[in-house]
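Enquirer: how does the following fold in three dimensions:
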Amino acid sequence: MNGKTPAPDPRPGSALALYARLLPYVRAEWRLLTVTVAAMLGATLITLARPWPLQVVIDSVLGDRPAPAWLGPLAAAATRPALLAVSVLLMVAALLLGSALALAQEVATQSLGQRMVRALRADLYAKLQRLSLRFHDHASVGDLLYRIIGDASALQNIVSYGFVPLAVQAVTVLAIAATIFALDVQLGMTSIAVIPALALSWVWFSERVRARTHGLAQAESALYSTVNEALGSIRAIKSFAMEDVELARFETRATESQVEYVRVMTLSKLGGLVTDALVGLATAAAIWLGARAVLAEKLSVGELLVYIAYLGSLYGPITYLAGSAMVIQRSGVSIERVLGILDQEDEDEIRRATGKERRASVSGRLRYEGVTFGYDPAHPVVRDLDFEIAPGERVALVGRSGAGKTTLVSLLLRFYRPQAGRILLDGTDLAAFDLRWLRRHMALVPQEPILFSSSIGENIAYGRPGASTAEIRAAAAAAGLDEFICSIPAGYASLTGERGVRLSGGQRQRLSLARAFLKDAPVLILDEPTSNLDATSEQGFFASLDRLARGRTTIIIAHRLSTAQRADRILVLAEGRLVETGTHTELLEAGGAYARLYADQWAGPANSERSTA
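Expert: Next up, the predicted model:
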C-alpha cells in the first residue's frame, strides 16, 4: 500500500568475506565455542575408534588371528571369551560416550548459534534505530521485520553447518582417508576418487541455490510487508469493505513465496540426490575391490568390516559437507541482507561528522538562514527561507498542503539536513550540536499522537524514563488528564493498547501533551494539536496548551486557523517560500495569502471543516 521498497542488499564477494564479517560474534562467544570444538573433536575420535572392537571380534574371537597390539597386555594373555567381553564393553563405551558427546555438541552448537543470533538481532535493531528518516522513508517495514526475524536467524545455520562444523568434518574426512590408505593404498585411492566429481556438483548446485534464494528472500519480505500493511490499516480495510481484495493480495504474495521456496528446495534436494548417487557408486566400487582383496588374502574379513565401517564414516561427512554447502548458500543470502542494513550510514555517523557541542542552558532563539531542502534534491520543498523566532515567542506556520510547514520542523529536529543554508539555535548552527542532546531540548506534540502498547504512565514518561510518579501525575494534571486516569481501575498502570487504541482521540492527544509537559524542553513543536478535538474539548485543551507554551519558544503547525490566532506571530508559506508574516489581525487587514486562507476556511458551513494544511 505504501509503495516503499525493500532495503538494498550489498553482497560480499565471497563466503570468506561473509565469514570475516561474522568473526566478532564468534569471538564474543569463545568460551562456548571452545566447548563446541572439544565436543566435536571428541565425537570425531570416537567415530575413528568405534570399528576396531568389531575387528577384534571377527578376526581374534571368531577367527584365528592374534589379538591386535593396541589392546596392550590383553593381546597376549586374554582368552577368546575375555576378548569378546572386552570388545563388547568397548563397543558399549564408545556408543555411550559418542552419544554423550553428540548431545553436548548439539546443545553447545544450538546455544552458540542462538547467542550469536540474539547479538546480531540486537545490533540490527540498534542500527535501524540510528538510521535516518530518509532511509526509513524509502524502506518497507515488512522487509525490515523479515530481516530482523527471518534473515538474522539464518546465522544459526551458519553456526550449525559452517565455521567449526565444516572444519571438523574436513578433519574427520582426512583422518578416515588416511586410515583407509594405511589399510590399503588401492582402496584409499578408490575411496577418494569420487571427491572431484562431488566438488564440481557442489559448486554447480550451490551457485544456483544462492541465486534462487535471493528471489525467495524478496518474496518472503514482500509477504511480510503485505501482512504488516494490512494489519496496520485494518480500520480502513473494514470501512471500505476491502477484505476480499486484501485476501487476494495476500494469496498472490503467499503463492510467489511458495513457488520460490519450492524452487530452492528442489534444487537443494536434487543436489543431495546427485551427491548420494556419486557416493553410492563409489561405495559399490570400493566394496567390490575390498572383497577381492579379502579373496586374495590381502585383507582379513575383520579388516574389510573395519574398512566398510570407515567407508560409511568417510562418505557421511562428505555428504554432510555437500548438504552444508546448500544450507550455507541459502543462509549466506540472508546474512548478506542483514549486512546490507548494517552497512548503511546512520545518524550517529552524521553526528560525529558534524559536531558534539552541548550547552548548560538553551534560550530557544531560532533562525533559518537561506534554507533550501527537497526530499528529492531536484525538486525543493522549501526555498531560500529566512526568518527568526525570538526566545519564548509563539509562532504559527500556516499554508496550503505541500507549502513546507512540516518540512521546516523536520529540519529543525535534524531528521534531514538542508541542501543549502543553515538553521541556528542560540546563534549556533544545529549541525554543531550533539544530535541526541539537541533533540532532548525539543518537545514534539504530533498531529497523530504516537503511543506504545504499554501503560499510560510509561507512555507519559517516554521522554523521561526516570521520572517519578509525582512528576508523571503533575504532567498529566497540567494536560488535563489526571482526573480521567484516576477514574479508571488500574489508573496509571492501565494499558493503552497498540497505538493507544483503548483511548479516545482526545485522550491520546492530551497524553501526548502530558509527555511534552514532563520533558520540559525549551523548544516546543506542535503539529495541529487540536485536530482530534471537538469544539468543546478544544477550549479546555487550549488552556493546557497555553500553560505548556508559557516561557518556551513554540512553533505551531496550524491547520485550523483558530489555532494560529493564538500565536504571537504567523508565518505564511506558499510553494516553499515565506510570503507573509504578521499577527492574525495584521494579515487579515493586508488581504493577502492568509486572508484568502481564512476566507476559504470560514466561507460557509461547507468549508468550515476544510483542512488547509
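
Enquirer: S87 against V57, yeah?
Expert: Yes: in this structure, S87 is within contact of V57 by C-beta atoms under 8 Å, at 5.0 Å. C-beta: built from backbone N, CA, C; applies to glycine.

Enquirer: what number of residues lie near G98?
Expert: Counted by other C-beta atoms under 10 Å, the residues lying close to G98 total 17.

Enquirer: what pLDDT does it get?
Expert: As predicted, G98 sits at a pLDDT of 85.

Enquirer: buried set for whatever helix or strand L187 lives in?
Expert: When secondary structure is defined using DSSP states H and E, the element that contains L187 is helix 185-192. Applying a neighbour-count criterion of 16 or more other C-beta atoms under 10 Å, one finds 187-188, 190-192 buried in helix 185-192.

Enquirer: what is the rounded mean pLDDT of that helix?
Expert: When the per-residue pLDDT values of helix 185-192 are averaged, the result is 78.

Enquirer: only alpha carbons, please: show it as CSV.
Expert: Output in CSV follows, covering the C-alpha atoms of helix 185-192 (Å, rounded to 0.1, in the frame of the first residue of the first chain):
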residue,chain,number,x,y,z
VAL,A,185,46.5,-47.8,-0.9
GLN,A,186,44.4,-49.0,-3.7
LEU,A,187,41.2,-48.9,-1.6
GLY,A,188,42.2,-45.4,-0.4
MET,A,189,42.6,-44.2,-4.0
THR,A,190,39.3,-45.7,-4.9
SER,A,191,37.6,-44.1,-1.9
ILE,A,192,38.7,-40.5,-2.7
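
Enquirer: whichever helix or strand comes after that helix packs against which elements?
Expert: In the C-terminal direction, the helix or strand that comes right after helix 185-192 (DSSP H and E) is helix 195-232. For helix 195-232, the contact count by 3 or more C-beta pairs under 8 Å, 6 or more residues apart in numbering; DSSP states H and E identifies helix 141-146, helix 243-295, helix 301-342 as packing neighbours.

Enquirer: relative to helix 195-232, how tilted is the second one?
Expert: Counting by axes from the mean of the first three to the mean of the last three C-alpha atoms, to 10 degrees, helix 243-295 lies at 160 degrees to helix 195-232.

Enquirer: so, low pLDDT: which residues of the stretch 101-250 of the chain?
Expert: For the stretch 101-250 of the chain, residues meeting the criterion pLDDT under 70 lie at 162-164, 235.

Enquirer: picking up where we left off before, distance to A543 and mean neighbour count added to the helices and strands packed on helix 195-232, as a markdown table?
Expert: Written out in a markdown table, the entries for these read as follows (distance: least, C-beta to C-beta, whole Å; neighbours: other C-beta atoms under 10 Å):
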| stretch | distance to A543 | mean neighbour count |
| --- | --- | --- |
| helix 141-146 | 38 | 21 |
| helix 243-295 | 43 | 16 |
| helix 301-342 | 46 | 22 |
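
Enquirer: which one of these lies nearest to I555?
Expert: I555 lies closest to helix 141-146 among the helices and strands packed on helix 195-232, at 28.5 Å (C-beta to C-beta).

Enquirer: and the gap between L503 and A514?
Expert: For L503, the distance to A514 under the criterion C-beta to C-beta, to the nearest Å works out to 12 Å.

Enquirer: so where's this protein shaky on pLDDT?
Expert: Counting by pLDDT under 70, the ranges of the chain that qualify are 1-16, 74-77, 162-164, 235, 322-323, 325, 347-355, 499-500, 529-541, 603-613.

Enquirer: tell me how it divides into domains.
Expert: Domain assignment for the chain, taken from automatic domain parsing, gives 15-348, 446-520.

Enquirer: that older thread, settle it for me: which of L503 and A514 has more neighbours?
Expert: Just comparing L503 and A514: by other C-beta under 10 Å the higher neighbour count belongs to A514, 29 against 21.

Enquirer: picking that back up, could the buried residues of helix 185-192 be laid out in TSV, adding distance to R330?
Expert: As requested, the buried residues of helix 185-192 are exported to TSV (distance: C-beta to C-beta, whole Å):
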residue	distance to R330
L187	36
G188	34
T190	33
S191	29
I192	28
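
Enquirer: and those residues, which is closest to V245?
Expert: Closest approach between the buried residues of helix 185-192 and V245, by C-beta to C-beta: I192, at 59.9 Å.

Enquirer: name the nearest residue to the closest one, sequence neighbours excluded.
Expert: The shortest distance from I192 to any non-neighbouring residue, by C-beta to C-beta, 6 or more residues apart in numbering, is to A177 (5.7 Å).

Enquirer: for that neighbour, helix, strand, or coil?
Expert: Using DSSP: H, G, I helix; E, B strand; the rest coil as the criterion, the local structure at A177 reads helix.

Enquirer: who's in contact with it?
Expert: Contacts of A177 were listed using C-beta atoms under 8 Å, 6 or more residues apart in numbering, and they are 188, 191-192, 314.

Enquirer: just to revisit the earlier point, can you add distance to L526 and give the domains of the chain back as CSV?
Expert: CSV is the format used below for the domains of the chain (distance: least, C-beta to C-beta, whole Å):
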stretch, distance to L526
domain 15-348, 19
domain 446-520, 8
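
Enquirer: residue ranges for the helices of the stretch 351-500 of the chain, please.
Expert: For the stretch 351-500 of the chain, applying DSSP state H, counting those that start in this stretch gives helices covering 405-412, 435-440, 456-460, 469-478, 482-487.

Enquirer: what's the shortest one in contact with?
Expert: Translated: helix 456-460. Under the contact criterion C-beta under 8 Å, 6+ apart, helix 456-460 has outside partners 451-452, 467, 469, 472, 475-476, 485, 491-496, 500, 511, 514-515, 518.

Enquirer: among those residues, name the buried ones.
Expert: The neighbour-count test (16+ other C-beta under 10 Å) marks 451, 467, 472, 475-476, 485, 492, 496, 500, 511, 514-515, 518 as buried among the contacts of helix 456-460.

Enquirer: R560: how many residues sit nearby?
Expert: For R560, the number of neighbouring residues by other C-beta under 10 Å comes to 19.

Enquirer: that one contacts F542, doesn't it?
Expert: No: taking contacts as C-beta under 8 Å, R560 lies outside contact range of F542: 11.2 Å.

Enquirer: could you check how many residues crowd around the closest residue to R330 other than its chain neighbours?
Expert: Of all residues not flanking R330 in the chain, T213 sits nearest, at 4.6 Å (C-beta to C-beta, 6+ apart). A count of neighbours around T213, defined by other C-beta under 10 Å, yields 25.

Enquirer: swap in L103?
Expert: L103 is flanked by 12 other residues according to other C-beta under 10 Å.

Enquirer: again, but for the one 10 residues further on
Expert: Summarising burial for G113: neighbours were counted as other C-beta under 10 Å, giving 22.

Enquirer: what packs against the helix or strand where it lies?
Expert: Taking DSSP H and E as the criterion, the element that holds G113 is helix 80-130. Under the contact criterion of 3+ C-beta pairs under 8 Å, 6+ apart, helix 80-130 touches helix 15-27, helix 30-49, helix 51-56, helix 74-77, helix 155-161, helix 301-342.
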